[in-house]
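Asks: prediction below, plus the sequence it came from.
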Amino acid sequence: MITFNKSQQLFMLTGKNYTYAMYVNNYGYLRNVYYGEILPSCDNLMYMVDDIPVSFSPQPEEEVGRVFSVNDIPLEYSAYGRGDFRIPSAIIRSTNGSTICDLQYKSHFITKGAVKISGMPCARYGGETLTIVLIDKEKPVEVYLQYVVFDDCDVIVRNVVVKNIGNEPLYLDRIYSFCLDLPFGNFDLIKLQGAPAFERNVERCELSHGISTIQSLRGASSHMLNPFLALVEKVTTEQYGNAYGFNLIYSGSFAMHCERNMSDSVRVTGGIQDNASCIVVEPNDCFETPQATMVYSNEGIGGVSRQYADFIRAHIVCEKYVYKHRPIVVNNWESTYFDFDEEKILNFIKCAGKAKVDVFVMDDGWFGNRNDDTTSLGDWYINRSKLPNGLKTLAKACKEEGIGFGLWFEPEMVSKDSELFKLHPDWALGEPYRKRRKGRNQYVLDFSRKEVVDYVFTKMCDILDNNDICYIKWDMNRYICDAFSQNPLSSQQGDIMHRHILGVYNLAERLTTKYPNVFFEGCAGGGGRFDLGMLYYFPQIWASDLTDAYQRSKIQYGTSLAYPLSSISCHFTNSPNDRTKRLIPSTSRFAMASMGAYGYEFDLTKYSQKDFDEMHQYNEKYKNTERLILEGDLYRLASPFEKNMFCQIVVSKDKKTAYLVGLKCIDEPDYIDDRIRIYGLDDERIYYIDELNVSLSGKYLRTVGLVVRELGDFESFVWHFSAK
Ligand code: DGJ
């Protein structure tokens, strides 16, 4: 809910569990008053407002004595140059070179519904928007701060629109999506750091003085640092304590900074990464930033995750798919790589039918002359030497087996060795006079150019219109450098990275709109673009190319901090694992894959009837718990980053059923107590645990817990709970 108290000039955003308050102070600045646990309406929020500045802080010229400085108040948004020495959220340059900007309140309005951001993914379905207009009396600019709130979840969504109201261009050297100043700062910073095939490891460290940054300059949100971060109090645990979460609805290069100041207050700000970038806003034009999201929870880190899961399911993922059964897929990548032909695929499809999966997805290698990763990206026609009878034959074979047919694409790329590149070398990003850098032997198409996006769209439509395809895996396998557009109409280059990602969104929007019955899965060399921007188009994302259940326990645990289980695509794969060569029991491989959107990556052609029978059983087991994966609340009970164990439980909203998966990492002597305290259940209810054949109260399970014993390396335990 959004309210405005005119006499106090006080704005309040309130959700089920939070209060967010800001007011316009006597000097015209929009000042944050409070963000945290919900407060009773009888409290005077202004009681503790105290703006006395510290020495050395610049003050308004007309004031006598030390009464006010922008440096020492929690601001809602702050530009560069007027004495706020914290990291600025905006650097707005005029043609005379001045970057000084002083943003003060002008007006505001409240509108029904979540504001739309043109050409970009944004929070949707319901909501209310508060827009506060800030102006600089000396610079022809209006800055609109937009806040979206929803009744059904505690996430606040923010972004910024800059309008040029002058006669000359404005140059945005930086334009972040949000700024939050918290008056206290003894926090730990939690980030999700990683690498290809090692994504989203949880890292918690003290937020030290100065600026801590997470960012990507890679043209994608990247494997390296996810655009999610959390600030938690020192005493905050997984289950208890104050925690703030932040995430961007953006998939390109980003930056988020947390600055702990000398007064121990903290500024969090971020948005589009601005190294070497500049956005030009012509007179009367606007620039809209991507949205940022913030959440507060007093239920620890787990509380932040559950708030995000609810928000993402209700307001990011397409409503048509979000709570629907996710197709159980079998993908041929780990079993064939590029080495397949029609006979092999037809054989595979037959086996997929026997395995009773929902969809067979043919991965990389079906197009152009693609037999390895050196050629053919961009040539989106069938590789006839491999598949002489085309995709129709394969789709037909799938139909006969009663399963759907899915296909891999990598739409944003072009191989040097491709017809497309020969025809349009200028369609790849890069300067014409310099050799481009390649990544996985490929270049990046210049999606800032409409004709390039149109071309790829047409080619993909050709395939989709002429073949019965129900599933697309959309991959992206390199980071972006040489970010230069050879478009003769492109007068500026400073925003190419951003305009490129807008092109990616444009293609995703057009395809998902034109083919509402095709299910899209995101992917980027594993989980290199696992973010809210992509989830807006693709209900689930391939989490990692590392499918070893032990490594996956870390990847999936980390991913679940910021994203719902249903968005995490997980496959049950071979043992020994193709990459790590680790041997893991099938029960554990299933258990880990079942904690997400489930599928397989096996060479089914080597399977016997007994194996297929086993797969049927696994399919059924998964289907029995899928509702919980799609809708439930996740409680993480043991972290593989801290313990020798992974354990998570997902509990139905009514707390009547729950599904728990645990994985022992390395066997230890039995006298080491593996006690799991089970959170998330109803204290007052009695639960029957199927596998243990025991009934215990929710309170007992939370306080006493259960002890797991005699588990060897990588062995798992799976428990189903039902309330009596
Ligand atoms: C990277 C993906 O993560 C894999 O699953 C596979 O699709 C390959 N690309 C294909 O090139």
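Replies: Received the coordinates, thanks. Residues are numbered from 1 along each chain as shown.

Asks: which residues in the stretch 401-550 of the chain form strands?
Replies: For the stretch 401-550 of the chain, applying DSSP state E, counting those that start in this stretch gives strands covering 404-409, 413-415, 442-444, 471-474, 519-522, 540-542.

Asks: let me have those strands in JSON lines, adding distance to the ligand as columns.
Replies: Every C-beta, even on glycine, is put in place using the N, C-alpha and C of the backbone. Supplementary listing: these in JSON lines, determined by distance: least, CB to the nearest ligand atom, whole Å:
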{"stretch": "strand 404-409", "distance to the ligand": "6"}
{"stretch": "strand 413-415", "distance to the ligand": "10"}
{"stretch": "strand 442-444", "distance to the ligand": "10"}
{"stretch": "strand 471-474", "distance to the ligand": "6"}
{"stretch": "strand 519-522", "distance to the ligand": "10"}
{"stretch": "strand 540-542", "distance to the ligand": "6"}
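
Asks: which stretch among those strands comes nearest residue 620?
Replies: Minimum separation from residue 620 across the strands of the stretch 401-550 of the chain (CB to CB) falls at strand 404-409, 18.7 Å.

Asks: now could you export just the CA positions of the closest one as CSV?
Replies: This file holds the C-alpha atoms of strand 404-409, laid out as CSV (Å, rounded to 0.1, in the frame of the first residue of the first chain):
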residue,chain,number,x,y,z
GLY,A,404,7.1,-33.4,-27.4
PHE,A,405,10.0,-32.2,-29.5
GLY,A,406,12.4,-29.5,-28.4
LEU,A,407,15.3,-27.7,-30.0
TRP,A,408,18.4,-25.8,-29.0
PHE,A,409,19.2,-22.4,-30.4
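
Asks: which secondary structure elements does the one helix or strand residue 19 maps to sit against?
Replies: Taking DSSP states H and E as the definition, residue 19 sits inside strand 18-24. Applying 3 or more CB pairs under 8 Å, 6 or more residues apart in numbering; DSSP states H and E, one finds that strand 18-24 contacts strand 10-14, strand 30-37.

Asks: need those in a markdown table (columns: mean pLDDT, mean neighbour count and distance to the ligand).
Replies: Listed next are the helices and strands packed on strand 18-24 as a markdown table, based on pLDDT from 0 to 100; neighbours: other CB atoms under 10 Å; distance: least, CB to the nearest ligand atom, whole Å:
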| stretch | mean pLDDT | mean neighbour count | distance to the ligand |
| --- | --- | --- | --- |
| strand 10-14 | 96 | 19 | 39 |
| strand 30-37 | 96 | 19 | 38 |
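
Asks: about what we covered before: partners of the strand holding residue 19 in the sheet?
Replies: Next to strand 18-24 in the sheet, as set by DSSP bridges, lie strand 10-14 (antiparallel), strand 30-37 (antiparallel).

Asks: just the residues contacting the first one, thanks.
Replies: It stands for strand 10-14. Outside strand 10-14, the residues within contact range by CB atoms under 8 Å, 6 or more residues apart in numbering are 1-5, 19-23, 33, 38, 45-46, 108, 130, 132, 147, 149, 156.

Asks: write the ChimeraX selection for whichever of the residues you listed are buried.
Replies: To isolate in ChimeraX the members of the contacts of strand 10-14 that are buried, counting by 16 or more other CB atoms under 10 Å, one can use:
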select :2,19,20,21,22,23,33,45,108,130,132,147,149,156
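
Asks: how near is residue 411 to the ligand?
Replies: Using CB to the nearest ligand atom, to the nearest Å, one gets 13 Å for the distance from residue 411 to the ligand.

Asks: could you find the closest non-adjacent residue to that residue?
Replies: Nearest residue to residue 411, sequence neighbours excluded (CB to CB, 6 or more residues apart in numbering): residue 456, at 5.0 Å.

Asks: quick one: residues contacting the one you found.
Replies: Taking CB under 8 Å, 6+ apart as the contact definition, residue 456 lies against 378, 380, 411, 412, 445, 507.

Asks: quick one, which of these are buried?
Replies: 378, 380, 411, 412, 445, 507.

Asks: what's the separation between the second one and residue 411?
Replies: Translated: residue 380. To residue 411, residue 380 is 8 Å away according to CB to CB, to the nearest Å.

Asks: pull up the overlap in contacts between these two.
Replies: Common contacts of residue 380 and residue 411 (CB under 8 Å, 6+ apart): 456, 460.

Asks: where does the protein get nearest to the ligand, which residue?
Replies: Nearest to the ligand in the chain, going by CB to the nearest ligand atom, is residue 364, at a distance of 3.5 Å.

Asks: can you pull the residues of the stretch 351-500 of the chain lying near the ligand?
Replies: Residues of the stretch 351-500 of the chain found near the ligand (CB under 6 Å from any ligand atom) are 363, 364, 408, 475, 477.

Asks: likewise the stretch 201-350 of the chain?
Replies: Counting by CB under 6 Å from any ligand atom, the stretch 201-350 of the chain comes close to the ligand at residue 333.

Asks: helices of the stretch 201-350 of the chain, start to end?
Replies: Ranges of helices in the stretch 201-350 of the chain, per DSSP state H, counting those that start in this stretch, are 300-315, 319-322, 333-336, 342-354.

Asks: helices or strands next to the first one in the packing?
Replies: Put plainly, it is helix 300-315. Looks like helix 300-315 contacts strand 155-164, strand 225-233, strand 243-249, strand 291-297, strand 633-638 (3+ CB pairs under 8 Å, 6+ apart).

Asks: switch to 6 Å and redo it
Replies: Packed against helix 300-315 by the contact rule (3 or more CB pairs under 6 Å, 6 or more residues apart in numbering; DSSP states H and E) you find strand 243-249, strand 291-297, strand 633-638.

Asks: any chance of those strands in TSV with distance to residue 626, mean pLDDT and mean neighbour count as columns?
Replies: Listed next are the helices and strands packed on helix 300-315 as TSV, based on distance: least, CB to CB, whole Å; pLDDT from 0 to 100; neighbours: other CB atoms under 10 Å:
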stretch	distance to residue 626	mean pLDDT	mean neighbour count
strand 243-249	25	98	26
strand 291-297	26	98	26
strand 633-638	14	98	23
